[in-house]
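K.L.:
give me a model of this one.
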Amino acid sequence: MNLDQLCGRLMMVGVRGGTMDDPRTQEDVRACKDAFVGGVVLFATDLGEGGDRNVHHPEQLRRFVASLRHELGADLIVAIDQEGGQVARLRPERGFEPHVSAASFGRLEPFSQRAQARSQAKQLASLGIDLNFAPCVDLLINPEGAAIGVKDRAFSDDPDIATGCAKLWIDEHARVGVRCCIKHFPGHGSAGADTHEDLVDLTETYEESRELRVFEQLIDAYGPSLAVMTAHLMHRTVDPHHPASLSRALTGGMLRARLGFEGVVVTDSLDMGAITRRYEARDAMTLALDAGADILLDGVNMPDRSRPAAASVMHTSLMEAVEAGEVRGGAERLSHSAERIDALFRAQPA
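P.N.:
Below is the predicted model of the structure:
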């Protein structure tokens, strides 16, 4: 790949609309094509412009995913957040199969858990979606936490139970060729606030022996056949300056070196308030790459903030940063990430 293509391969973005007849979709897809974008993330609701976004009903979504691959290439990664419960882009009222929240999943018998995970995975595969930003493996440490606790997104407060639930989930997805991305490293379960709004500091609440254990056990079990999403969470004892998603100490030191993770690292969306309130987009991308990230995720879907053809701006900024020597290792560094990404989708189930 040349530098244009390398920069695009590491980008995953959101696009507006749910049909190629929509002029907004045409504009965004054209920008993605020009930027050689490697991945697209799907949403049900457009928070920037209001109304429906990519997900209307099953047959529409199946056609839309096929159209995206036709336009952007057969190796396009199509991702979604489909945890179940409140965090589900595929909802019953739109004609999709219902699935329970992580909290409810954790209380089911193993047979029912496997059936739920299998049903979820088969639905994604039937739609052409090949990456699920799930399971959420944060622990229920703070039941009042805005991002995890109150939304029933944690399997349990017990790391071993959470790991067991996640394994069932990952195994059933792998059987049908859908990859999983566990989240939110290093663990969001003790936090009180939500990184959609601003940086969240868990220095005083983080329980490393419990929260890190889930990630450690899953990485030991699956290695690079899964992906890990890093969160916009501050742990000032480890890194007083940057959140985990942009931190060499947390992503490179704790996740890569200490836990030995050699697979794909995905940032949480770089358009979230935690990042945009404090970092310029170009700085955030270069810091994330320097930290050890492989996929720079920008959902382009924050409230009251429409960004047409966002892929073009993102790609130009990244290209300029690499050419200016702001990305440690330059094109070779990007090439290593592209190889990891390609390997993830070639890998056989663990």
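K.L.:
elements contacting the stretch of helix or strand Val78 belongs to?
P.N.:
For Val78, the enclosing helix or strand under DSSP states H and E is strand 77-80. For strand 77-80, the packing partners by 3 or more C-beta pairs under 8 Å, 6 or more residues apart in numbering; DSSP states H and E come out as strand 39-42, helix 58-72, strand 131-132. For every residue, glycine as well, the C-beta is placed using N, CA and C.
K.L.:
phi and psi next, for Val228.
P.N.:
phi -130, psi 130 (degrees, to the nearest 10).
K.L.:
what's the neighbour count on it?
P.N.:
26 (other C-beta atoms under 10 Å).
K.L.:
in the sheet, who's paired with it?
P.N.:
For Val228, the beta-bridge assignment (DSSP bridges) gives partners Ile182, Val265.
K.L.:
ok, it to Ile170 distance?
P.N.:
Applying C-beta to C-beta, to the nearest Å, the value for Val228 to Ile170 is 12 Å.
K.L.:
give me the common contacts of the two.
P.N.:
Ile182 (C-beta atoms under 8 Å, 6 or more residues apart in numbering).
K.L.:
indicate which one of the helices and strands packed on strand 77-80 is closest to Val13.
P.N.:
strand 39-42 (6.4 Å; C-beta to C-beta).
K.L.:
need the CA coordinates for the closest one. PDB is fine.
P.N.:
Extracted C-alpha coordinates of strand 39-42, given in PDB (Å, rounded to 0.1, in the frame of the first residue of the first chain):
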ATOM      1  CA  GLY A  39     -13.900   0.400   7.900                       C
ATOM      2  CA  VAL A  40     -17.400   1.800   8.500                       C
ATOM      3  CA  VAL A  41     -19.400   1.800  11.800                       C
ATOM      4  CA  LEU A  42     -23.200   1.600  11.700                       C
END
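K.L.:
can you offset everything so residue one is 635?
P.N.:
Okay, using 635 as the starting number, the last item reads as strand 673-676.
K.L.:
contacting residues around it?
P.N.:
645-649, 666, 687-689, 695, 699, 702, 706, 710-715, 723, 763, 765, 767, 903, 929, 931, 933.
K.L.:
mind listing what's buried in it?
P.N.:
673-676 (16 or more other C-beta atoms under 10 Å).
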